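1. Take this sequence and fold it.
(one chain, ligands or ions: 1)
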Amino acid sequence: MTAARNDLRPSPVAPTIDLDRDGVQHGHLRLPYSRDDSAWGSVMIPICVVKNGAGPTAMLTGGNHGDEYEGPVALFDLARTLRAEEVSGRVFIVPAMNHPAFRAGTRTSPIDEGNLNRSFPGRPDGTVTEKIADYVTRHFVPLADVVLDFHSGGRTLDFLPYAAAHALADAAQERRCFDAVAAFGAPFSMRMIEINAVGMYDTIVEELGKVFVTTELRGGGTATAESAGIAKRGVRNLLKHAGILKGRPDKSESRWLDMPSSECFGFAEEEGLVEPLKDLGESVARGEVVARIHPVTRTGAAPAEHRVAIDGVLAARHFPGLVKIGDCLAVVATAGSRP
Ligand code: ZN
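-> Modelled structure (predicted):
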(Lines give C-alpha, C1' and ligand atoms only; values in the text may rest on other atoms or scores of the structure.)
Protein backbone atom coordinates (compact mmCIF):
# COMPACT_ATOMS: atom_id res chain seq x y z
CA MET A 1 0.00 0.00 0.00
CA THR A 2 2.74 2.44 0.98
CA ALA A 3 4.70 1.98 -2.25
CA ALA A 4 1.64 2.49 -4.42
CA ARG A 5 0.72 5.65 -2.53
CA ASN A 6 4.07 7.23 -3.40
CA ASP A 7 2.77 7.44 -6.97
CA LEU A 8 -0.06 9.75 -5.94
CA ARG A 9 0.00 13.38 -6.93
CA PRO A 10 1.16 15.96 -4.34
CA SER A 11 -1.27 16.96 -1.62
CA PRO A 12 -2.92 20.37 -2.06
CA VAL A 13 -2.67 20.89 1.71
CA ALA A 14 0.08 23.24 2.90
CA PRO A 15 1.11 24.02 6.49
CA THR A 16 1.50 27.72 7.27
CA ILE A 17 4.31 26.93 9.76
CA ASP A 18 7.62 25.06 9.55
CA LEU A 19 7.05 21.58 10.97
CA ASP A 20 10.79 21.15 11.65
CA ARG A 21 11.59 24.38 13.49
CA ASP A 22 12.40 24.43 17.22
CA GLY A 23 10.03 26.34 19.50
CA VAL A 24 6.25 26.69 19.76
CA GLN A 25 4.39 27.55 16.56
CA HIS A 26 0.67 28.04 16.06
CA GLY A 27 -0.63 27.94 12.49
CA HIS A 28 -2.89 26.09 10.10
CA LEU A 29 -3.02 23.33 7.57
CA ARG A 30 -4.44 25.24 4.63
CA LEU A 31 -6.58 23.21 2.23
CA PRO A 32 -7.80 25.07 -0.88
CA TYR A 33 -11.59 24.89 -1.09
CA SER A 34 -13.14 26.96 -3.86
CA ARG A 35 -16.82 27.55 -3.29
CA ASP A 36 -19.70 29.89 -3.84
CA ASP A 37 -18.95 32.27 -0.96
CA SER A 38 -15.14 32.20 -1.32
CA ALA A 39 -13.75 31.75 -4.83
CA TRP A 40 -10.12 31.12 -3.82
CA GLY A 41 -11.01 30.15 -0.26
CA SER A 42 -9.48 27.57 2.05
CA VAL A 43 -10.31 25.24 4.92
CA MET A 44 -7.94 26.27 7.74
CA ILE A 45 -7.22 23.43 10.20
CA PRO A 46 -5.49 24.69 13.38
CA ILE A 47 -2.16 23.07 14.20
CA CYS A 48 0.43 23.64 16.89
CA VAL A 49 3.97 22.28 16.65
CA VAL A 50 6.16 22.20 19.75
CA LYS A 51 9.72 21.07 19.10
CA ASN A 52 12.89 21.05 21.12
CA GLY A 53 15.89 19.30 19.58
CA ALA A 54 16.17 15.62 18.76
CA GLY A 55 13.78 13.03 20.14
CA PRO A 56 10.59 11.17 19.38
CA THR A 57 7.62 12.71 17.58
CA ALA A 58 4.04 12.46 18.86
CA MET A 59 1.01 13.11 16.64
CA LEU A 60 -2.02 14.14 18.76
CA THR A 61 -5.43 14.55 17.14
CA GLY A 62 -8.97 15.34 18.23
CA GLY A 63 -12.08 16.16 16.27
CA ASN A 64 -11.64 13.28 13.84
CA HIS A 65 -15.39 13.20 14.40
CA GLY A 66 -16.71 16.72 14.86
CA ASP A 67 -19.15 16.11 17.74
CA GLU A 68 -16.66 14.57 20.20
CA TYR A 69 -15.21 17.07 22.64
CA GLU A 70 -12.73 15.65 25.16
CA GLY A 71 -9.95 15.56 22.56
CA PRO A 72 -10.41 19.15 21.38
CA VAL A 73 -10.67 20.37 25.00
CA ALA A 74 -7.45 18.60 26.01
CA LEU A 75 -5.54 19.52 22.85
CA PHE A 76 -6.50 23.21 22.59
CA ASP A 77 -5.46 23.39 26.25
CA LEU A 78 -2.18 21.54 25.65
CA ALA A 79 -1.34 23.73 22.63
CA ARG A 80 -1.89 26.85 24.73
CA THR A 81 0.17 25.66 27.72
CA LEU A 82 2.94 23.38 26.45
CA ARG A 83 6.35 25.09 26.51
CA ALA A 84 9.21 24.10 24.20
CA GLU A 85 11.65 23.72 27.06
CA GLU A 86 9.41 21.01 28.60
CA VAL A 87 9.72 18.91 25.44
CA SER A 88 12.41 16.54 24.18
CA GLY A 89 11.55 15.90 20.55
CA ARG A 90 8.44 17.12 18.79
CA VAL A 91 4.67 17.25 19.34
CA PHE A 92 2.16 17.85 16.56
CA ILE A 93 -1.19 18.99 18.01
CA VAL A 94 -4.25 19.03 15.75
CA PRO A 95 -7.21 19.54 18.13
CA ALA A 96 -9.91 19.37 15.43
CA MET A 97 -8.67 17.26 12.52
CA ASN A 98 -11.98 17.33 10.64
CA HIS A 99 -12.30 21.06 11.26
CA PRO A 100 -15.39 21.63 9.07
CA ALA A 101 -17.25 18.89 11.01
CA PHE A 102 -15.99 20.28 14.33
CA ARG A 103 -17.21 23.78 13.47
CA ALA A 104 -20.62 22.35 12.56
CA GLY A 105 -20.79 20.16 15.69
CA THR A 106 -21.46 17.12 13.52
CA ARG A 107 -19.81 13.73 13.18
CA THR A 108 -19.29 14.14 9.43
CA SER A 109 -18.27 17.11 7.32
CA PRO A 110 -20.97 19.55 6.22
CA ILE A 111 -18.95 20.09 3.01
CA ASP A 112 -19.03 16.58 1.59
CA GLU A 113 -20.71 14.44 4.30
CA GLY A 114 -17.31 12.81 4.73
CA ASN A 115 -16.72 10.66 7.80
CA LEU A 116 -12.98 11.31 8.23
CA ASN A 117 -12.46 8.10 10.18
CA ARG A 118 -13.85 6.07 7.28
CA SER A 119 -11.87 8.03 4.65
CA PHE A 120 -8.29 6.86 5.23
CA PRO A 121 -5.86 6.61 3.53
CA GLY A 122 -7.64 9.33 1.57
CA ARG A 123 -6.95 10.85 -1.83
CA PRO A 124 -5.09 14.03 -2.83
CA ASP A 125 -7.62 14.55 -5.64
CA GLY A 126 -10.68 13.49 -3.63
CA THR A 127 -13.22 15.33 -1.52
CA VAL A 128 -12.18 17.82 1.18
CA THR A 129 -12.42 15.04 3.79
CA GLU A 130 -10.38 12.64 1.63
CA LYS A 131 -7.73 15.34 1.13
CA ILE A 132 -7.39 15.78 4.91
CA ALA A 133 -6.99 12.00 5.32
CA ASP A 134 -4.41 11.82 2.54
CA TYR A 135 -2.33 14.66 3.97
CA VAL A 136 -2.31 13.15 7.47
CA THR A 137 -1.50 9.69 6.08
CA ARG A 138 1.42 10.79 3.93
CA HIS A 139 2.82 13.81 5.80
CA PHE A 140 2.27 13.19 9.51
CA VAL A 141 1.97 9.48 10.27
CA PRO A 142 5.37 8.60 8.73
CA LEU A 143 7.03 11.23 10.98
CA ALA A 144 5.36 9.98 14.17
CA ASP A 145 6.64 7.48 16.73
CA VAL A 146 3.43 7.56 18.76
CA VAL A 147 -0.07 8.56 17.61
CA LEU A 148 -2.97 9.44 19.91
CA ASP A 149 -6.38 9.98 18.32
CA PHE A 150 -9.10 11.08 20.74
CA HIS A 151 -12.67 9.86 20.28
CA SER A 152 -15.83 9.89 22.35
CA GLY A 153 -19.35 8.77 21.61
CA GLY A 154 -20.49 11.92 19.86
CA ARG A 155 -24.13 12.88 19.89
CA THR A 156 -25.45 9.33 19.52
CA LEU A 157 -23.36 7.15 21.87
CA ASP A 158 -22.09 7.29 25.44
CA PHE A 159 -19.10 5.22 26.63
CA LEU A 160 -17.35 4.26 29.82
CA PRO A 161 -14.21 6.43 29.72
CA TYR A 162 -11.44 4.29 28.25
CA ALA A 163 -8.18 4.39 26.31
CA ALA A 164 -7.81 1.54 23.85
CA ALA A 165 -5.63 -0.33 21.41
CA HIS A 166 -6.34 -3.20 19.05
CA ALA A 167 -5.08 -6.76 18.87
CA LEU A 168 -2.35 -6.71 16.20
CA ALA A 169 -0.57 -9.36 14.15
CA ASP A 170 2.81 -7.99 15.30
CA ALA A 171 3.06 -9.00 18.97
CA ALA A 172 5.86 -6.53 19.77
CA GLN A 173 3.93 -3.62 18.23
CA GLU A 174 0.77 -4.73 20.07
CA ARG A 175 2.66 -4.73 23.38
CA ARG A 176 4.01 -1.22 22.73
CA CYS A 177 0.47 -0.03 21.99
CA PHE A 178 -0.99 -1.52 25.19
CA ASP A 179 1.93 -0.16 27.24
CA ALA A 180 0.95 3.27 25.90
CA VAL A 181 -2.73 2.65 26.74
CA ALA A 182 -1.71 1.75 30.29
CA ALA A 183 0.40 4.93 30.50
CA PHE A 184 -2.55 7.09 29.37
CA GLY A 185 -4.21 6.03 32.62
CA ALA A 186 -7.93 6.30 31.85
CA PRO A 187 -10.34 4.77 34.39
CA PHE A 188 -10.82 1.89 31.90
CA SER A 189 -8.39 0.37 29.39
CA MET A 190 -9.83 -1.60 26.48
CA ARG A 191 -8.64 -4.27 24.09
CA MET A 192 -10.89 -3.07 21.33
CA ILE A 193 -12.32 -4.58 18.17
CA GLU A 194 -14.00 -2.59 15.41
CA ILE A 195 -17.28 -3.22 13.61
CA ASN A 196 -15.47 -2.47 10.32
CA ALA A 197 -11.85 -1.24 10.40
CA VAL A 198 -11.70 -0.33 6.69
CA GLY A 199 -10.92 3.34 6.13
CA MET A 200 -10.04 4.05 9.74
CA TYR A 201 -7.11 6.23 10.80
CA ASP A 202 -6.33 3.53 13.40
CA THR A 203 -5.78 0.94 10.68
CA ILE A 204 -3.44 3.11 8.60
CA VAL A 205 -1.33 4.09 11.60
CA GLU A 206 -1.10 0.50 12.82
CA GLU A 207 -0.18 -0.76 9.33
CA LEU A 208 2.74 1.68 9.32
CA GLY A 209 4.02 0.01 12.51
CA LYS A 210 3.41 2.95 14.83
CA VAL A 211 2.34 2.99 18.47
CA PHE A 212 -1.34 3.90 18.31
CA VAL A 213 -3.71 4.79 21.15
CA THR A 214 -7.32 5.76 20.75
CA THR A 215 -9.97 6.64 23.33
CA GLU A 216 -13.69 6.65 23.93
CA LEU A 217 -14.29 9.12 26.77
CA ARG A 218 -18.04 9.39 27.40
CA GLY A 219 -20.16 11.11 24.68
CA GLY A 220 -23.61 12.53 24.13
CA GLY A 221 -22.24 15.48 22.17
CA THR A 222 -20.56 17.16 25.13
CA ALA A 223 -17.76 16.74 27.68
CA THR A 224 -17.96 16.57 31.47
CA ALA A 225 -15.52 17.92 34.04
CA GLU A 226 -14.46 14.34 34.71
CA SER A 227 -14.05 13.30 31.06
CA ALA A 228 -12.16 16.47 30.11
CA GLY A 229 -9.85 15.90 33.07
CA ILE A 230 -9.19 12.31 31.99
CA ALA A 231 -8.25 13.56 28.52
CA LYS A 232 -5.98 16.36 29.79
CA ARG A 233 -4.15 14.07 32.20
CA GLY A 234 -3.98 11.19 29.71
CA VAL A 235 -2.30 13.14 26.93
CA ARG A 236 0.44 14.40 29.24
CA ASN A 237 0.84 10.87 30.64
CA LEU A 238 1.33 9.53 27.13
CA LEU A 239 3.95 12.18 26.33
CA LYS A 240 5.81 11.21 29.52
CA HIS A 241 5.62 7.55 28.54
CA ALA A 242 7.07 8.43 25.11
CA GLY A 243 9.97 10.28 26.74
CA ILE A 244 8.86 13.62 25.25
CA LEU A 245 7.89 15.09 28.63
CA LYS A 246 9.87 14.47 31.81
CA GLY A 247 8.49 12.54 34.74
CA ARG A 248 6.38 9.47 35.27
CA PRO A 249 2.76 9.15 34.19
CA ASP A 250 0.30 10.30 36.87
CA LYS A 251 -2.02 7.30 36.91
CA SER A 252 -4.83 6.10 39.08
CA GLU A 253 -6.02 2.54 38.82
CA SER A 254 -7.40 1.43 35.46
CA ARG A 255 -9.79 -1.48 34.94
CA TRP A 256 -8.92 -3.59 31.89
CA LEU A 257 -11.76 -4.62 29.60
CA ASP A 258 -11.92 -6.78 26.50
CA MET A 259 -14.17 -6.97 23.46
CA PRO A 260 -13.92 -10.70 22.74
CA SER A 261 -16.01 -10.87 19.55
CA SER A 262 -18.57 -9.05 17.43
CA GLU A 263 -21.21 -10.42 19.82
CA CYS A 264 -20.35 -7.51 22.11
CA PHE A 265 -22.18 -5.09 19.77
CA GLY A 266 -25.99 -4.88 19.95
CA PHE A 267 -28.11 -3.09 17.35
CA ALA A 268 -31.72 -1.93 17.54
CA GLU A 269 -34.12 -4.04 15.51
CA GLU A 270 -37.04 -1.68 16.14
CA GLU A 271 -37.48 2.05 16.27
CA GLY A 272 -38.94 3.86 19.22
CA LEU A 273 -38.45 5.26 22.70
CA VAL A 274 -35.54 3.79 24.67
CA GLU A 275 -36.05 2.79 28.28
CA PRO A 276 -32.64 1.83 29.70
CA LEU A 277 -32.72 -0.98 32.24
CA LYS A 278 -28.95 -0.90 32.83
CA ASP A 279 -26.54 1.99 33.03
CA LEU A 280 -22.92 2.20 31.93
CA GLY A 281 -20.58 0.09 34.06
CA GLU A 282 -23.31 -2.21 35.38
CA SER A 283 -22.86 -5.96 35.14
CA VAL A 284 -25.01 -7.75 32.58
CA ALA A 285 -25.61 -11.43 31.89
CA ARG A 286 -26.03 -13.15 28.54
CA GLY A 287 -29.69 -12.98 27.50
CA GLU A 288 -30.49 -10.20 29.94
CA VAL A 289 -32.76 -7.37 28.78
CA VAL A 290 -30.74 -4.14 29.04
CA ALA A 291 -33.21 -1.83 27.30
CA ARG A 292 -36.79 -1.72 26.15
CA ILE A 293 -37.86 0.02 22.95
CA HIS A 294 -41.38 1.35 23.26
CA PRO A 295 -43.49 1.93 20.12
CA VAL A 296 -44.33 5.62 19.89
CA THR A 297 -47.26 5.71 17.49
CA ARG A 298 -49.95 4.33 19.86
CA THR A 299 -50.51 3.34 23.45
CA GLY A 300 -51.08 -0.19 24.59
CA ALA A 301 -48.41 -1.88 22.48
CA ALA A 302 -45.72 -4.00 24.16
CA PRO A 303 -42.12 -2.75 23.99
CA ALA A 304 -39.41 -4.68 22.18
CA GLU A 305 -36.76 -6.10 24.50
CA HIS A 306 -33.08 -5.74 23.73
CA ARG A 307 -31.02 -8.62 25.11
CA VAL A 308 -27.24 -8.79 25.29
CA ALA A 309 -25.39 -11.75 23.79
CA ILE A 310 -22.55 -12.09 26.31
CA ASP A 311 -21.79 -11.66 30.02
CA GLY A 312 -19.89 -8.52 30.97
CA VAL A 313 -20.38 -4.87 31.79
CA LEU A 314 -22.28 -2.28 29.78
CA ALA A 315 -19.45 -0.32 28.11
CA ALA A 316 -21.47 1.83 25.71
CA ARG A 317 -25.08 2.72 25.01
CA HIS A 318 -27.15 4.65 22.53
CA PHE A 319 -27.47 8.18 23.83
CA PRO A 320 -30.58 9.94 22.47
CA GLY A 321 -33.93 8.98 23.90
CA LEU A 322 -35.27 7.85 20.54
CA VAL A 323 -33.66 5.04 18.57
CA LYS A 324 -33.84 4.08 14.89
CA ILE A 325 -33.66 0.57 13.51
CA GLY A 326 -29.99 -0.34 13.00
CA ASP A 327 -28.62 2.07 15.60
CA CYS A 328 -25.96 0.71 17.94
CA LEU A 329 -27.94 0.29 21.17
CA ALA A 330 -25.56 -1.38 23.61
CA VAL A 331 -21.97 -2.62 23.76
CA VAL A 332 -20.87 -5.18 26.33
CA ALA A 333 -17.23 -5.63 27.33
CA THR A 334 -15.82 -8.45 29.42
CA ALA A 335 -13.38 -8.20 32.29
CA GLY A 336 -9.89 -8.33 30.89
CA SER A 337 -6.29 -8.13 31.97
CA ARG A 338 -3.43 -6.08 30.62
CA PRO A 339 -2.40 -7.82 27.34
ZN1 ZN B 1 -15.20 9.22 16.96
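2. How about the residues of the stretch 51-200 of the chain by the ion?
-> Applying CB under 5 Å from the ion, we find that the stretch 51-200 of the chain lies next to the ion at 65, 68, 151. All C-beta atoms are positioned from the backbone trio N, CA, C, and that covers glycine.
3. and the spatially most central residue of the chain, which of the three is it?
-> By CA atoms, centre = their mean, the chain has its centre lying nearest to H151, at 2.8 Å. What DSSP: H, G, I helix; E, B strand; the rest coil gives for H151 is coil.
4. surely it meets R218?
-> No - between H151 and R218 there is no contact under CB atoms under 8 Å: 10.6 Å.
5. what residues do these two have in common as contacts?
-> Shared contacts of H151 and R218 (CB atoms under 8 Å, 6 or more residues apart in numbering): none.
6. Point out where the stretch 101-250 of the chain drops to low pLDDT.
-> Along the stretch 101-250 of the chain, segments meeting pLDDT under 70 are nowhere present.
7. Nearest to the ion within it, name that residue for me.
-> Residue nearest to the ion within the stretch 101-250 of the chain (CB to the ion): H151, separated by 3.4 Å.
8. Now D18. Nearest residue, chain neighbours left out?
-> Q25 (7.0 Å; CB to CB, 6 or more residues apart in numbering).
9. for the one you found, what are its contacts?
-> Q25 neighbours (CB under 8 Å, 6+ apart): 17-18, 48-50.
10. Wait, a strand at it?
-> Yes - counting by three-state DSSP, Q25 falls inside a strand.
11. What pLDDT does the model give the nearest residue to D145 once chain neighbours are set aside?
-> Of all residues not flanking D145 in the chain, P56 sits nearest, at 4.1 Å (CB to CB, 6+ apart). pLDDT recorded at P56 is 98.
12. for R338, same thing?
-> 88.
13. Do I have it right that it meets F178?
-> Yes - in this structure, R338 is within contact of F178 by CB under 8 Å, at 6.5 Å.
14. for stretch 140-148, which positions count as buried?
-> Using 16 or more other CB atoms under 10 Å as the test for burial, stretch 140-148 gives 140-141, 144-148.
15. Could you do stretch 193-200 as well?
-> Buried residues in stretch 193-200, counted by 16+ other CB under 10 Å: 193, 199-200.
16. thinking again about what came up before, adding secondary structure, write the buried residues of stretch 140-148 out as JSON lines.
-> Output for these, formatted as JSON lines (three-state DSSP):
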{"residue": "F140", "secondary structure": "helix"}
{"residue": "V141", "secondary structure": "helix"}
{"residue": "A144", "secondary structure": "coil"}
{"residue": "D145", "secondary structure": "coil"}
{"residue": "V146", "secondary structure": "strand"}
{"residue": "V147", "secondary structure": "strand"}
{"residue": "L148", "secondary structure": "strand"}
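17. what sits against the residue of the stretch 1-150 of the chain found nearest the ion?
-> Relative to the ion, the nearest point of the stretch 1-150 of the chain is H65 (3.5 Å; CB to the ion). H65 makes contacts with 98, 101, 107-108, 115-117, 151, 154, as judged by CB under 8 Å, 6+ apart.
18. of all those residues, which two lie farthest apart?
-> For those, the farthest-apart pair by CB to CB is T108 and H151; their separation is 13.9 Å.
19. In contact with the closest residue to D327 other than its chain neighbours, which residues are there?
-> Nearest residue to D327, sequence neighbours excluded (CB to CB, 6+ apart): A268, at 4.8 Å. By CB under 8 Å, 6+ apart, the contact set of A268 is 293, 306, 318, 323-329.
20. so how far is C328 from A268?
-> Remark: distance between A268 and C328 (CB to CB, to the nearest Å) = 8 Å.
21. cool, and F265?
-> Shown here: F265 relative to C328, a distance of 6 Å by CB to CB.
22. do the same with V147
-> Going from V147 to C328 by CB to CB gives 25 Å.
23. Selection in PyMOL covering whichever of the contacts of A268 are buried, please.
-> Selection command for PyMOL covering only the buried members of these, criterion 16+ other CB under 10 Å:
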select buried, resi 293+306+318+323+327+328+329
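24. Including pLDDT, could the contacts of A268 go into TSV?
-> Output for these, formatted as TSV (pLDDT from 0 to 100):
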residue	pLDDT
I293	98
H306	98
H318	98
V323	98
K324	98
I325	98
G326	98
D327	98
C328	98
L329	98
